[in-house]
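**Student:** Quick one: sequence and predicted model below, then my questions.
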Amino acid sequence: MRIQIDRLMADLKELGSIGFIPGQGASRMAYSPDFVRGRDFVRKRMEEAGLSVQIDAVGNLTGLLPQAQGTGEKRIAMGSHIDTVPMGGIYDGALGVLSAIEVVRTLREAGWKNRHPIEIIAFNEEEGNVIGGTFGSKAFAGAPLETPMLQKMKAFQLTEEDVRRCKRKQDDYLLYLEYHIEQGGILEAKEKTIGIVEGIFGILRYKATVSGKANHAGSTPMELRDDAMEKTARIITDLMDTVRAETESMVCTVGTMTVKPGAVNVIPGETQFIIELRDKTMTPMYSVMEKLKKRWEDQGLHLEEYITQPETLCDKKLCLIAENTAKELGYPSMRMYSGAGHDLINTSFLMPGMLLFIPSRGGISHRYDEYSAPEHIEAGAEVLLEMVQRIDEGAFEREN
Ligand SMILES: [Zn+2]
């Protein structure tokens with residue numbers, strides 16, 4: 001049994017052409033007319049593959065293939081999202097949904113008698129430029145919504161009750177598989193075809209304020225200054241050094257800064273910036289922030305934690321199945337972590353799951369020239385197809 005790569009590539013290109021402007025990219029933001037056109041295309045493909053489709057109140061599209069033998073088994077779910085960022089690429093998200101459809105087509109054409117129902121999920125609003133990141137899968141899984149989302153929902157006549165109605169039942173599902181482009185350069189650099197994702201980084205964000213004393217930039221000698229910007233420069237350097245020393249995997253970004261009063265001839269009296277940390281687990285990130293606080297608190301640094309998103313772990317058994325499958329099919333693979341968020345973060349509230357990656361050329365995504373090679377796309381879809389067969393035959397049991 002093999003997937004038909006030409007058919008899958010044609011689907012990727014056709015969905016990718018919806019809302020696409022050459023040289024600019026694909027724009028299918030949630031709820032836009034182009035998003036709806038794209039979803040209609042995917043819906044048609046699902047129906048042709050024999051799935052019964054449903055669109056929930058927040059716009060997630062699902063297609064269900066009932067079990068062909070036996071009764072009462074839990075669903076094998078596969079999917080990703082079909083919305084894009086403004087001027088994005090054609091692979092991010094779409095790859096996971098269209099490959100899942102190709103897997104079902106292949107199984108059915110080969111006369112596979114599935115013991116488990118198979119559900120394909122095309123999530124809405126994963127990218128978050130309209131209501132908020134992974135809104136569709138949050139509703140699907142019943143994950144808590146952030147306050148800004150509640151505000152933005154109103155523009156689309158969506159109520160909290162609508163969102164509650166989208167929540168699926170934990171007992172209906174066996175597991176969730178998400179096949180996605182890496183959106184980074186690790187697989188390409190290591191010359192691996194398949195990334196076995198063990199987890200998604202947790203995120204910690206702090207609002208930082210550094211206080212000094214604003215004063216005349218000409219008449220205040222250096223030894224009498226309390227310059228908030230100078231201290232900030234030293235604090236950020238210390239922060240980055242501490243991060244590097246703490247773990248190999250942690251990443252840290254200071255991407256915004258406000259300087260007060262903000263004049264060329266006034267010594268800065270205060271700076272405000274956001275510190276963002278990401279790592280495999282939360283503990284080392286808290287350790288970094290504790291050290292920073294201890295060293296700089298009495299010199300005017302004030303820290304306030306404001307976003308905490310714990311790490312997501314992929315299921316260990318599923319990682320092993322994926323690893324063995326890739327090996328037996330002859331594709332070089334490696335274990336890795338995802339620095340980017342995915343719908344899997346939310347589906348993990350409902351069921352165990354795992355992420356499969358393939359290389360992104362140049363590590364680039366969210367851009368018109370995002371690209372993954374057809375031979376890599378084929379490899380990932382083959383791994384997915386083989387995994388679904390093994391799981392359907394009983395290779396995976398849900399423990400909780
Ligand atoms: Zn994505």
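**Tutor:** All right, it came through fine.

**Student:** Strands along the stretch 1-150 of the chain, start to end?
**Tutor:** 20-21, 25-26, 52-55, 61-65, 75-81, 118-123 (DSSP state E, counting those that start in this stretch).

**Student:** Show me what the residue nearest to residue 52 when sequence neighbours are not counted is bridged to.
**Tutor:** Ranked by CB to CB, 6 or more residues apart in numbering and with sequence neighbours excluded, the top spatial neighbour of residue 52 is residue 64, at 5.2 Å. All C-beta atoms are positioned from the backbone trio N, CA, C, and that covers glycine. Note on residue 64: beta-bridge partners by DSSP bridges are residue 52, residue 119.

**Student:** if we can go back for a sec, tell me which of the strands of the stretch 1-150 of the chain sits nearest to the ion.
**Tutor:** strand 75-81 (5.7 Å; CB to the ion).

**Student:** Right, and the ion sits closest to which residue of the stretch 201-350 of the chain?
**Tutor:** residue 342 (6.2 Å).

**Student:** Identify the residues contacting the residue nearest to residue 52.
**Tutor:** Counting by CB atoms under 8 Å, 6 or more residues apart in numbering, residue 64 touches 51-54, 75, 117-119.

**Student:** coming back round to it: might one say that the residue of the stretch 201-350 of the chain closest to the ion is in contact with residue 180?
**Tutor:** Yes: using CB atoms under 8 Å, residue 342 is in contact with residue 180, at 6.3 Å.

**Student:** Give me the more crowded residue out of these two.
**Tutor:** residue 180 (29 against 24; other CB atoms under 10 Å).

**Student:** Get me the contact residues on the stretch 1-150 of the chain for the ion.
**Tutor:** Residues of the stretch 1-150 of the chain found near the ion (CB under 5 Å from the ion) are 92-93.

**Student:** which stretches of the stretch 1-150 of the chain form helices?
**Tutor:** 5-17, 33-48, 94-109, 135-141, 147-153 (DSSP state H, counting those that start in this stretch).

**Student:** okay if I get those as a markdown table plus mean pLDDT and mean neighbour count?
**Tutor:** Listed next are those as a markdown table, based on pLDDT from 0 to 100; neighbours: other CB atoms under 10 Å:
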| stretch | mean pLDDT | mean neighbour count |
| --- | --- | --- |
| helix 5-17 | 97 | 17 |
| helix 33-48 | 98 | 17 |
| helix 94-109 | 98 | 25 |
| helix 135-141 | 97 | 28 |
| helix 147-153 | 92 | 14 |
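
**Student:** For residue 232, find the nearest of those helices.
**Tutor:** Among the helices of the stretch 1-150 of the chain, the nearest to residue 232 by CB to CB is helix 147-153 (27.4 Å).

**Student:** after that closest one comes which helix or strand?
**Tutor:** helix 160-165 (DSSP states H and E).

**Student:** C-alpha coordinates for that next one, CSV please?
**Tutor:** Extracted in CSV, the C-alpha atoms of helix 160-165 (Å, rounded to 0.1, in the frame of the first residue of the first chain):
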residue,chain,number,x,y,z
GLU,A,160,-19.1,31.3,25.0
GLU,A,161,-22.0,28.9,24.6
ASP,A,162,-21.1,28.4,20.9
VAL,A,163,-17.6,27.5,22.0
ARG,A,164,-18.8,25.1,24.7
ARG,A,165,-20.9,23.3,22.1
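
**Student:** for the very next helix or strand once past it, packing partners?
**Tutor:** Using DSSP H and E, the helix or strand that follows helix 160-165 in sequence is strand 173-181. On a contact count with 3 or more CB pairs under 8 Å, 6 or more residues apart in numbering; DSSP states H and E, strand 173-181 meets strand 75-81, helix 94-109, helix 344-347, strand 353-358, helix 374-390.

**Student:** Touching, residue 356 and residue 195? I think so.
**Tutor:** Yes: Residue 356 lies in contact with residue 195 (CB under 8 Å); the separation is 6.9 Å.

**Student:** returning to that earlier point: list just the one of the helices of the stretch 1-150 of the chain that sits closest to residue 352.
**Tutor:** Nearest to residue 352, of these and by CB to CB, is helix 135-141 at 12.8 Å.

**Student:** List the contacts of the residue in the stretch 151-300 of the chain that the ion sits nearest to.
**Tutor:** Closest approach between the stretch 151-300 of the chain and the ion, counting by CB to the ion: residue 180, at 5.8 Å. In this structure, residue 180 makes contact with 80, 92-93, 95-96, 342, 355-357, judged by CB under 8 Å, 6+ apart.

**Student:** which one of the residues you listed sits closest to residue 314?
**Tutor:** residue 355 (6.0 Å).

**Student:** which residues does the closest one bridge with?
**Tutor:** Residue 355 has these beta-bridge partners by DSSP bridges: residue 178, residue 197.

**Student:** so who does it touch?
**Tutor:** 178-180, 195, 197, 200, 314, 338, 342, 344.

**Student:** If you tally nearby residues, what's the number for residue 110?
**Tutor:** Residue 110, neighbours per other CB under 10 Å, totals 11.

**Student:** so what's the backbone phi/psi at it?
**Tutor:** Dihedral pair for residue 110: phi -90, psi 0, per degrees, to the nearest 10.

**Student:** So it is in contact with residue 4, correct?
**Tutor:** No: counting by CB under 8 Å, residue 110 does not reach residue 4; the two are 11.5 Å apart.

**Student:** Run a quick check on residue 104 versus residue 45, I expect a contact.
**Tutor:** No: contact between residue 104 and residue 45 fails when scored by CB under 8 Å: they sit 9.9 Å apart.

**Student:** so which of the helices and strands packed on strand 173-181 gets nearest residue 230?
**Tutor:** Here helix 344-347 is closest among the helices and strands packed on strand 173-181 (CB to CB), at 39.1 Å.
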